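# sequence and predicted structure, then a few things I'm wondering about:
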Amino acid sequence: MSTDLKTLKEKAKAYLPGMIELQKRLTAIPALAPDNGGEGEEKKAQFLADFIEKEELGEIQWFNAPDDRVPCGYRPNILLTVPGENSERSLIIISHMDVVPPGNLNLWDHDPFDLVIKEDRIVGRGVEDNQQGIVCSIHALKILRDLNQPPAIGVKLLFVADEETGSKKGLQFLVNNHPELFNRDDLILVPDYGNEDGTMIEVAEKSIIWVKVLIKGKQCHASVPHKGLNTLRAVAHFIVESEKLSSMFPESDPTFRPPTSTFEPTKKEANVENINTIPGEDVLYFDCRVLPQYPLESVLEAFREIANKIENDLGVKIELGTQMADQAAPPTPRDSPVVINIMKAVKALRNLEAKACGIGGVTVAAHLRKKGLPVAVWQTITKTAHQPNEYCLLENMIKDTEVMAYLMALST
């Protein structure tokens, strides 16, 4: 990297007014998915394409996923490509254009789509999730352009649709229909999760399975319980027996926090309306976050063992189903170039030690990992995404722009 860190930092700080202005313009375009009552991302994509063309940052390509639910008939995914000194591989930074609905407007201090500056932060829907990634990646490219320094390798900024409602019209569409955009040698960064100081690099995710437990017994009057089969009692037994799941799946991985698989009872549907009736049917749900080495089929088999025991002990009948089942992709190797380079950048720019971590949730990176593509999820965030008065710290925009510019200038 030929640019000294002091100059890079000065450039990033000088661009803060431009970052705020771009955030303001993006916030004013409510890119809501049709599932959330919106018209999609076309207006925001067109604004970004026009902005990039005006700034003469590089070539733009459109990859439109057909969707007859939106006025334009498609969900746009746009790609900015900038050649590097060595373009055999690329640094790909993937941000999403769509946002979630603002929710209860009474919980906001102002119009959520009218950006407000408050001391050390900007407030508005989408400013952190995920416009921070969009704005920082664009301004990182502007820094290299101003310094007359071409990227060490190719740079691709990919702005995708539909992240908030499943990615079928966004990154998943691109991975399945345009695999030529990605190469196993590429360094892929998704700036959409992290922690407050930028020391968390997400490289792995747990598998998720939501298990539905339907218990059928016999309803009767509470004064004659011997004439019924109390399904609420069976629910209680099932929850107690579910404690054994932890010992049935005992492996631990310090990459994750918590490091073990978890099996949490979370929801129970209403049964009878009055106190003096013994319920004859109950529905219980479990949210399970499972270490990726365990196949989800084995988790369902363990639930069936518990169900068989409850049936034998109490005489009820139990049906199991899944509301969601997503087997985790193989983790990104800790020594992959994108992970190592982020660690180098955070150390050089912030004098902090970033670490590879795993999470219990699922990010858009899973679509890439399932294709064998190494990807790191990293960002400096306050974790106010999806909340009323979502905000982005001005300092985080500056510092993340520094890191992205550093990554673009690194040769390995």
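Received the coordinates, thanks.

# run through who's touching the biggest helix by length in the chain.
Longest helix in the chain, counting residues (DSSP state H): helix 296-314. For helix 296-314, the external contacting residues (CB atoms under 8 Å, 6 or more residues apart in numbering) are 207, 209, 211, 213, 215, 217, 229, 233-234, 237-238, 241-242, 244-245, 248-249, 263, 286, 288, 290, 316-318, 320, 322, 325, 327. All C-beta spots, glycine's among them, are computed from the backbone N, C-alpha and C.

# please identify the buried residues of it?
Residues of helix 296-314 classed as buried: 296, 299, 300, 302, 303, 306, 307, 310, 314 (neighbour count, 16 or more other CB atoms under 10 Å).

# I'd like the next helix or strand past that helix.
Downstream of helix 296-314, the next assigned helix or strand under DSSP states H and E is strand 317-326.

# that following strand: how far from the chain's middle?
Centroid separation for strand 317-326 versus its chain: 24 Å, with CA atoms, centre = their mean, to the nearest Å.

# can you pull the buried residues of that strand?
In strand 317-326, counting by 16+ other CB under 10 Å, buried: 317, 318, 326.

# okay, the first one: pLDDT?
It stands for residue 317. Looking at residue 317, its pLDDT is 98.

# so what's it bridging to?
residue 216 (DSSP bridges).

# could I get the contacting residues of it?
Residue 317 neighbours (CB under 8 Å, 6+ apart): 215, 216, 217, 311.

# what segments of the stretch 1-150 of the chain are helices?
5-14, 16-27, 42-55, 131-146 (DSSP state H, counting those that start in this stretch).

# give me the most central residue, the protein.
residue 363 (3.2 Å; CA atoms, centre = their mean).

# count the neighbours of the nearest residue to it once chain neighbours are set aside for me.
Once flanking residues are discounted, residue 363 sits nearest to residue 377: 5.3 Å by CB to CB, 6 or more residues apart in numbering. The number of residues packed near residue 377 is 25, by other CB atoms under 10 Å.

# quick check on residue 377: phi, psi?
Main-chain torsions, residue 377, degrees, to the nearest 10: phi -100, psi 120.

# bridge partners for it, pull those for me.
residue 190, residue 202.

# how far away is it from residue 313?
44 Å (CB to CB, to the nearest Å).

# follow-up on the earlier one: pretty sure the residue nearest to the centre of the chain contacts residue 205?
Yes: between residue 363 and residue 205 there is a contact under CB atoms under 8 Å: 6.6 Å.

# what about residue 338, how many residues nearby?
23.

# measure it to residue 183 for me?
12 Å.

# re earlier: okay, the contacts of residue 317 in TSV with pLDDT and distance to residue 33 next?
Output for those, formatted as TSV (pLDDT from 0 to 100; distance: CB to CB, whole Å):
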residue	pLDDT	distance to residue 33
215	98	36
216	98	38
217	98	41
311	98	42
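
# any idea how far residue 302 lies from residue 243?
Distance, residue 302 to residue 243, by CB to CB: 12 Å.

# do residue 257 as well
Applying CB to CB to residue 257 and residue 243 gives a distance of 21 Å.

# kindly report the same for residue 211.
15 Å.

# looking at those two, which is more packed in?
Neighbours per residue, other CB under 10 Å: of residue 211 and residue 243, the larger number sits with residue 211, 23 against 10.

# quick check on the more buried one: phi, psi?
phi -100, psi 130.

# how about it: what's its closest non-neighbour residue?
Leaving out its chain neighbours, residue 211 is closest to residue 286 (CB to CB, 6+ apart), at 4.4 Å.

# count of neighbours near that neighbour?
If we define neighbours as other CB under 10 Å, then residue 286 has 23 of them.

# tell me the SS of it?
For residue 286, the assignment made with DSSP: H, G, I helix; E, B strand; the rest coil gives strand.

# check contacts around it.
210, 211, 213, 242, 263, 264, 265, 266, 303.

# from those, which land in helices?
Per DSSP H, those map to helices at residue 303.

# could you list the low-confidence segments of the stretch 101-250 of the chain?
Nowhere does the stretch 101-250 of the chain drop to pLDDT under 70.

# ignore what I typed, I meant the stretch 301-412 of the chain.
For the stretch 301-412 of the chain, the stretches flagged by pLDDT under 70 are 411-412.

# quick one: the strands in it?
317-326, 355-359, 375-377, 391-393 (DSSP state E, counting those that start in this stretch).

# now do the shared contacts for residue 338 and residue 183.
Common neighbours of residue 338 and residue 183 (CB under 8 Å, 6+ apart) do not exist.

# closest one to residue 81 out of the buried residues of helix 296-314, please.
residue 296 (37.8 Å; CB to CB).

# residue contacts, the residue nearest to residue 393 when sequence neighbours are not counted?
Spatial nearest neighbour of residue 393, excluding adjacent residues (CB to CB, 6+ apart): residue 121 at 5.1 Å. Residues near residue 121 by CB under 8 Å, 6+ apart: 391, 392, 393, 394.

# tell me what residue 121 is bridged to.
Beta-bridge partners, per DSSP bridges, of residue 121: residue 118, residue 393.

# still on that earlier bit, surely the residue nearest to residue 363 touches residue 204?
No: contact status for residue 377 versus residue 204: not in contact, 9.9 Å apart, counting by CB under 8 Å.

# tell me what the closest residue to residue 323 other than its chain neighbours is bridged to.
Once flanking residues are discounted, residue 323 sits nearest to residue 210: 4.0 Å by CB to CB, 6+ apart. Taking DSSP bridges as the rule, residue 210 bridges to residue 287, residue 324.

# contacts only, for residue 210.
285, 286, 287, 288, 322, 323, 324, 325.

# number of nearby residues for the residue nearest to residue 371 when sequence neighbours are not counted?
Leaving aside its sequence neighbours, residue 371 sits nearest to residue 175 (CB to CB, 6+ apart; 5.8 Å). For residue 175, the neighbour count with other CB under 10 Å is 17.
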